[in-house]
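Engineer: What follows is a predicted structure for the sequence shown.
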Amino acid sequence: MSTAVFIVGYCIILFGMGIMLIGSIGILRLPDFFSRTHAASMVDTVGIGIVVVGIAVTQGLSYDSLKVLVAGAFLMLTNPVAAHSLARAALKAGERPWTRRKIEKHEEEEA
């Protein structure tokens, strides 16, 4: 395997890790459960998907890269479903999405 393939593969992996870092910051900064769940599912789906592709590139055409890509496809299918299930359960439990009106109402009460 050539050095160029490893460099390209590791650059793809670093790009995916950068997306996961940005999404993790979003999880910390977003205001409510539903926004955080959305950020977490995007981090899992997009970031891990890109990292899996980078790992497959570094492995080359082999049985191992096929297994990694199948695992990545499984993650790409299951993570959005899990996030949707969490959001529905939160709605049924009484959690309400954040709106701008909540902030305006809170500011009026303080004045």
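Structural biologist: Structure's in. What do you need?

Engineer: Val8 against Gly60, yeah?
Structural biologist: No. In terms of Cβ atoms under 8 Å, Val8 does not count as a neighbour of Gly60; the distance is 11.4 Å. No exception for glycine: its C-beta is placed from N, CA and C like everyone else's.

Engineer: Now do Ile55 against Arg96, distance only.
Structural biologist: Using Cβ to Cβ, to the nearest Å, Ile55 is found at 40 Å from Arg96.

Engineer: the more surrounded of those two?
Structural biologist: For Ile55 versus Arg96, neighbours defined as other Cβ atoms under 10 Å are more numerous around Ile55 (20 against 11).

Engineer: Who are the contact partners of the residue lying closest to Met17 once chain neighbours are set aside?
Structural biologist: Among residues not flanking Met17 along the chain, Val51 sits closest, at 6.5 Å (Cβ to Cβ, 6 or more residues apart in numbering). Val51 is in contact with 12-13, 16-17, 20, counting by Cβ atoms under 8 Å, 6 or more residues apart in numbering.

Engineer: And the residues you listed, which of them are buried?
Structural biologist: With burial judged by 16 or more other Cβ atoms under 10 Å, the buried subset of these is 12-13, 16, 20.

Engineer: Can you flag which of the contacts of Val51 belong to strands?
Structural biologist: In strands, judged by DSSP state E, none of these are found.

Engineer: Can you tell me which of the residues you listed is nearest Ser35?
Structural biologist: Met20 (17.1 Å; Cβ to Cβ).

Engineer: Quick check: that closest one vs Ser85, distance?
Structural biologist: To Ser85, Met20 is 22 Å away according to Cβ to Cβ.

Engineer: out of everything not next to it in sequence, what's closest to the residue sitting nearest the centre point of the chain?
Structural biologist: Relative to the mean C-alpha position of the chain, the nearest C-alpha, by Cα atoms, centre = their mean, is the one of Val43, at 1.4 Å. If the residues on either side of it in the chain are set aside, Val43 comes closest to Gly23, at 3.2 Å by Cβ to Cβ, 6+ apart.

Engineer: How is that neighbour classified with respect to secondary structure?
Structural biologist: Taken by DSSP: H, G, I helix; E, B strand; the rest coil, the conformation at Gly23 corresponds to helix.
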